[in-house]
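Q: sequence? don't have it. structure:
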């Protein structure tokens, strides 16, 4: 079964990749809120010490990113980059939603409008033929 030009299995891998990318971004942002990242030296010292209230969140985000790398390699081995990358851009939509829900950030109306255009572009690309 296919969705546009993507096999269903590859589409689901892209969805998993986007959801885990969103989780990684939120976790790292939450973790960095507790880590002094004012300079590279202080950031490296925090990471090397592996302690502090935000370190768990930060490292969990990094581990998720690492797993995303391997998922993305699988996606690229089975799909055209020109299709996979735009469809994989759903994280551009998911991250602001997660930021509002979990980090209590404000996303303005103009940004939401821009995100709607991204969704429209993703739809167009996913429906296009090679």
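A: Sure, I can see it. None of the values given here were measured: they were computed from a predicted structure.

Q: for the chain, which segments count as strands?
A: With DSSP state E as the criterion, the chain has strands at 2-3, 6-7.

Q: now residue 107: phi and psi?
A: Taking degrees, to the nearest 10, you get phi -120, psi 120 for the backbone angles of residue 107.

Q: swap in residue 104?
A: Dihedral pair for residue 104: phi 60, psi 40, per degrees, to the nearest 10.

Q: re earlier: for the strands of the chain, which has the smallest mean pLDDT value?
A: Set side by side, these give their lowest mean pLDDT on strand 2-3, at a mean of 56.

Q: what lies in contact with stretch 84-95?
A: 6, 10-11, 14-15, 17-19, 21-22, 25-26, 72, 75-76, 115, 118-119, 121-122, 125-126 (CB atoms under 8 Å, 6 or more residues apart in numbering). C-beta coordinates here come from the backbone N, C-alpha and C atoms, glycine included.

Q: show me what counts as buried in it.
A: In terms of neighbour count (16 or more other CB atoms under 10 Å), stretch 84-95 has its buried residues at 84, 86-95.

Q: centroid residue for the chain?
A: residue 21 (2.8 Å; CA atoms, centre = their mean).

Q: how about the contacts made by it?
A: Contacts for residue 21 (CB under 8 Å, 6+ apart) come out as 64-65, 68, 91, 94-95.

Q: can you do 10 Å?
A: The contact partners of residue 21, taken as CB atoms under 10 Å, 6 or more residues apart in numbering, are 61, 64-65, 68, 71-72, 88, 90-92, 94-95.

Q: pLDDT check: weakest of those residues?
A: Ranked by pLDDT, the contacts of residue 21 bottom out at residue 88, which scores 82.

Q: picking that back up, can you flag which of the contacts of residue 21 belong to helices?
A: Counted as lying in helices by DSSP state H, out of the contacts of residue 21, are 61, 64-65, 68, 71-72, 91-92, 94-95.

Q: take these and write them to TSV, including distance to residue 41.
A: Below are those laid out as TSV (distance: CB to CB, whole Å):
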residue	distance to residue 41
61	21
64	26
65	23
68	28
71	33
72	31
91	30
92	32
94	33
95	28
